[in-house]
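Student: Using only what follows, build the 3D model:
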Amino acid sequence: CRPHPSPGRANGKMARFGVALAVCLVLVGAAVAEEGGAQLLVQKAMLTNKHFAGSDVPVRYRIFNVGNGAAYNVQLEDEWSPEEFETVSGLSAGNWAKIPAGGNISHIVVVKAHTYGYKTTSSARVTYKQAPGSDETHVVHSNDLGLLPVLSLKDDDKMSNPHLAEWGLFLLAAVALVVLPIVVFQPPAPVDKKKTK
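Tutor: Predicted coordinates for the structure are as follows:
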């Protein structure tokens, strides 16, 4: 039996991660602005909050050039375990001739998890050069998504089901709680004195 992930924890982690990434972008951008040259930062993020086995999961890679110079021959590579994921559309690799200073690139790939449970992911790798003919290659890595909670289709049914039977029972119980005391504690009817004589 595999543990079922808690969707609430994933949302809180994603929010904290977004704030931490924004702070890192600002700090690294300020530090690199003094050095000069290209400096790339890579973000890897899932575009859905809940991931289900057998459903498409879009993944976005964003490459930011926070340096003062352009980055050349930019190449993105990422690996998804074939035992755990299948690539549905897009490529987990990409290349761009140039990313100007202050520019950014977005790249999307859609994957599908084979089974439910916690799935491991790795960081994406980006290589680039400071000048078009340079022999020196710089390497940066994206964030690692860590353990990715993938829910089963049964969990999807539970979350998206309108639960009509449960709501019907609730409504019946609510009506019974209102009507039952009225019926049970109804004051006795007045006795007609003429009939008793």
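Student: what's the distance between the residue most central in space within the chain and residue 38?
Tutor: For the chain, the residue sitting closest to the mean C-alpha position, by CA atoms, centre = their mean, is residue 49 at 3.4 Å. Using CB to CB, to the nearest Å, residue 49 is found at 33 Å from residue 38. For glycine as for every other residue, the C-beta is placed from the backbone atoms N, C-alpha and C.
Student: if we can go back for a sec, where's the residue nearest to the centre of the chain, which helix or strand?
Tutor: Assessed by DSSP states H and E, residue 49 sits outside every helix and strand.
Student: any idea of the pLDDT on it?
Tutor: Turning to residue 49, the model gives it a pLDDT of 81.
Student: likewise the one 3 residues further on?
Tutor: The predicted local distance difference test score for residue 52 is 81.
Student: neighbours of it, just the number please.
Tutor: 20 (other CB atoms under 10 Å).
Student: was I right about it contacting residue 150?
Tutor: Yes: between residue 52 and residue 150 there is a contact at 6.8 Å, judged by CB atoms under 8 Å.
Student: overlap in contacts of these two?
Tutor: By the contact definition CB atoms under 8 Å, 6 or more residues apart in numbering, residue 52 and residue 150 are jointly contacted by 113, 116.
Student: residues in contact with stretch 142-150?
Tutor: Outside stretch 142-150, the residues that touch it by CB under 8 Å, 6+ apart are 5-7, 10, 17, 21, 42-46, 51-53, 61, 78, 113, 115-126.
Student: And stretch 52-61, what's buried?
Tutor: Within stretch 52-61, the residues scored as buried using 16 or more other CB atoms under 10 Å are 52-53, 57, 59, 61.
Student: So which of these belong to strands?
Tutor: Among the buried residues of stretch 52-61, the ones falling in strands (DSSP state E) are 52, 57, 59, 61.
Student: ok, the nearest residue to the last one once chain neighbours are set aside - contacts?
Tutor: Read it as residue 61. Leaving out its chain neighbours, the residue that sits closest to residue 61 by CB to CB, 6 or more residues apart in numbering is residue 107, at 4.5 Å. Residue 107 is in contact with 60-63, 76, 90, 94, counting by CB under 8 Å, 6+ apart.
Student: picking up where we left off before, pipe the ones in strands among the buried residues of stretch 52-61 into a markdown table and attach distance to residue 176 per row.
Tutor: Below are those laid out as a markdown table (distance: CB to CB, whole Å):
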| residue | distance to residue 176 |
| --- | --- |
| 52 | 38 |
| 57 | 45 |
| 59 | 50 |
| 61 | 56 |
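Student: out of the residues you listed, which one sits closest to residue 166?
Tutor: Taking CB to CB as the measure, residue 166 lies nearest residue 52 of these, at 22.0 Å.
Student: So which residues of this structure form helices?
Tutor: Per DSSP state H, the chain carries helices over the ranges 7-35, 153-160, 164-184, 193-196.
Student: burial count for the nearest residue to residue 62 once chain neighbours are set aside?
Tutor: Closest residue to residue 62 apart from its sequence neighbours, by CB to CB, 6+ apart: residue 43 at 4.5 Å. Using other CB under 10 Å, residue 43 has 19 other residues around it.
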